[in-house]
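Peer 1: Fold the following, please.
(one chain, ligands or ions: 1)
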Amino acid sequence: MTAIKSPAAAPADPAPSSPLFSTFARANVAFERGEGAWLTASDGSRWLDFGAGIAVNALGHAHPHLVEALKAQAEKLWHVSNVFEIPEQERLAQRLVDASFADKVFFTNSGAEALECAIKTARRFHYAAGRPERYRIITFEGAFHGRTLATIAAGGQKKYLEGFGPVVEGFDQVPFGDHEALKAAVGPETAAILIEPIQGEGGIRPVPAVCLKGLRELCDREGILLIFDEVQTGIGRTGKLFAHEWSGVSPDILASAKGLGGGFPVGACLATESAASGMVAGVHGTTFGGNPLAMAVGNAVLDVALAPGFLEHVREIGLRLKQGLAQVVDHHPTVFETVRGEGLMLGLKCKVPSGDVVNALRAETMIGIGAGDNVVRLLPPLIVGEDEVREAVRRIEAAASRIEAAQSAGKA
Ligand SMILES: *Cc1c(COP(=O)(O)O)cnc(C)c1O
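Peer 2: Numbers count the residues shown, from 1 in each chain. The predicted structure is shown next:
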């Protein structure tokens, strides 16, 4: 006899019939297809996508070049083990190396795994150099580095650590922008400093170039490694291939993901030859990382992102959007405080709860993404055009007007 589940035992879940873990508070909309910056939902409604899957669909939905690359690879070869050579993987690594500070690349399936690799690479660098006591990594308040046990420890956010047992050892967190606390945190056990050049989940909080320079000098002086988490900021999002290029400062190790696969799961840990020196045969691995399907799509993303004019487009259209948003802030001073960010990684700091703004945008069938520090992020596909930027500004104005109408109804 099958056991009958007692309804009383069911949790208070907005979708109690869902067989999925309840870890996401999902909006009640499902999308069926997409094209560029537009999504079509199952009810036929058309949505303007200024979230791009949280900075993932860098080339928008159904980009013909990516579709073609994935289809062509699907007909040839899906998967081989990393115990064999994977030419497309070598090619993507070489292109990333040629376009960046790095000499070496390890491919993963996600951002968190790219960070895991970055953390292990930094610890292993010191171990291989005879300094096994240097394993601690300094991180910053408001950071987000993923949801694995090590990356929640690195991010240091209580809400993500609570209830998951002992916190992975070896992370020291300092307040964002507190130079004295940072200097005090560096000790004989410090292996590396890990930072997002622009905090994404933390609310589009850019680290000034002078601070990144200061970090580089501190690391060089103390013999420790600098790790940039560019999972969200990378692959053209800010108008450079990697956001740190704006500062003129290079890291020793970098984590990339999100935009790198344009929607196909792929991440990468990039490092200098020296920083990667501890990562020898057998010390790290992955089953799926660098698989031929992912590599075909990653190479196709770079075909477009590295083509002449692409990053200029991101800078120009990003400036347009930022100007439009600045006007929206001017027009709606009770809803918005300011706009910040770089390229197409922009945030509206709100005066009302940012969740209300995300919901008001949804009422206008537009997607924006909530973040920390009461910010709504606007992360459109990098191929977004002027008409779409104008339409986005119009919808954000309309959303703000909805909120103002509710405000004055509340006062009446
Ligand atoms: C999204 C993100 C991660 C985690 O990536 P996943 O693919 O979700 O594991 C790490 N760091 C930053 C800055 C991110 O934005």
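Peer 1: got the residues of the protein near the ligand?
Peer 2: Residues of the chain found near the ligand (C-beta under 6 Å from any ligand atom) are 110-112, 115, 144-146, 196, 200-201, 229, 231-232, 257-258. Quick note: C-beta positions are derived from backbone N, CA and C, even for glycine.
Peer 1: give me that answer again for 8 Å
Peer 2: Residues of the chain found near the ligand (C-beta under 8 Å from any ligand atom) are 54-55, 110-115, 143-148, 151, 196, 199-201, 229-233, 255, 257-258, 265, 267.
Peer 1: Filter those residues down to the buried ones, PyMOL style.
Peer 2: Remark: buried members of the residues of the chain next to the ligand, expressed as a PyMOL selection using 16 or more other C-beta atoms under 10 Å:
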select buried, resi 54+55+110+111+112+113+114+115+143+144+145+146+148+151+196+199+200+201+229+230+231+232+233+255+257+258+265+267
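Peer 1: In strands, which of the residues of the chain next to the ligand fall?
Peer 2: 199, 229, 255, 267 (DSSP state E).
Peer 1: Pick out the most distant pair among the residues you listed.
Peer 2: 199 and 267 (18.6 Å; C-beta to C-beta).
Peer 1: Can you list the residue ranges for strands in the stretch 151-300 of the chain?
Peer 2: 171-174, 190-195, 198-199, 205-206, 225-229, 253-256, 267-271 (DSSP state E, counting those that start in this stretch).
Peer 1: contact partners of the longest one?
Peer 2: Contacts with strand 190-195, where a contact means C-beta atoms under 8 Å, 6 or more residues apart in numbering, come from 115, 118-119, 122-123, 125-126, 134-140, 143, 145, 154, 172, 182, 207, 212, 215, 218-219, 222, 224-229, 252-253.
Peer 1: could you check the angle strand 225-229 makes with that strand?
Peer 2: Orientation check (axes from the mean of the first three to the mean of the last three C-alpha atoms, to 10 degrees): strand 190-195 against strand 225-229 gives 30 degrees.
Peer 1: partners of strand 190-195 in the sheet?
Peer 2: Its sheet considered, strand 190-195 pairs with strand 136-140 (parallel), strand 225-229 (parallel) by DSSP bridges.
Peer 1: winner for burial among those strands?
Peer 2: strand 225-229 (a mean of 28; mean count of other C-beta atoms under 10 Å).
Peer 1: Just give me how far that one sits from the chain centre.
Peer 2: Computed by C-alpha atoms, centre = their mean, to the nearest Å, the chain-centroid distance of strand 225-229 equals 15 Å.
Peer 1: likewise stretch 134-148?
Peer 2: Here the centre of mass of C-alpha atoms in stretch 134-148, compared against the chain's by C-alpha atoms, centre = their mean, lies 15 Å away.
Peer 1: Compute the first-to-last residue distance for that stretch.
Peer 2: With C-alpha to C-alpha, to the nearest Å as the measure, the first residue of stretch 134-148 is 22 Å from its last.
Peer 1: avg pLDDT for that stretch?
Peer 2: Here stretch 134-148 scores 98 as its mean pLDDT.
Peer 1: Stretch 392-409 now?
Peer 2: 96.
Peer 1: all helices for the stretch 1-150 of the chain, in order.
Peer 2: 52-55, 64-74, 87-98, 111-128, 149-155 (DSSP state H, counting those that start in this stretch).
Peer 1: got it, and the stretch 251-400 of the chain?
Peer 2: Using DSSP H, counting those that start in this stretch, the helices of the stretch 251-400 of the chain run over 292-305, 310-331, 354-363, 386-411.
Peer 1: Before we move on, what's the pLDDT of whichever residue of the chain sits closest to the ligand?
Peer 2: Nearest residue of the chain to the ligand, counting by C-beta to the nearest ligand atom: residue 111, 2.2 Å away. Model confidence at residue 111, given as pLDDT, is 98.
Peer 1: Now tell me what touches stretch 66-77 from outside.
Peer 2: 59, 88, 262, 263, 264, 292, 293, 296, 297, 299, 300, 301.
Peer 1: try it again with 7 Å
Peer 2: 59, 262, 264, 292, 293, 296, 297, 300, 301 (C-beta atoms under 7 Å, 6 or more residues apart in numbering).
Peer 1: and the closest residue to residue 198 other than its chain neighbours, what is it in contact with?
Peer 2: Closest residue in space to residue 198, ignoring its immediate chain neighbours: residue 206 at 4.6 Å, by C-beta to C-beta, 6 or more residues apart in numbering. Contacts for residue 206 (C-beta under 7 Å, 6+ apart) come out as 198, 340, 341, 342.
Peer 1: And residue 206, how far from residue 235?
Peer 2: With distances taken as C-beta to C-beta, to the nearest Å, residue 206 is found 18 Å from residue 235.
Peer 1: which phi and psi does residue 63 have?
Peer 2: phi -60, psi 120 (degrees, to the nearest 10).
Peer 1: ok, now residue 353?
Peer 2: Dihedral angles (degrees, to the nearest 10) for residue 353: phi -60, psi 130.
Peer 1: Number of residues surrounding the closest residue to it other than its chain neighbours?
Peer 2: Excluding the flanking residues, the one nearest residue 353 by C-beta to C-beta, 6+ apart is residue 374, at 7.0 Å. Residue 374 has 18 neighbours, counted by other C-beta atoms under 10 Å.
Peer 1: The one 5 residues further on now?
Peer 2: Taking other C-beta under 10 Å as the neighbour definition, residue 379 ends up with a count of 31.
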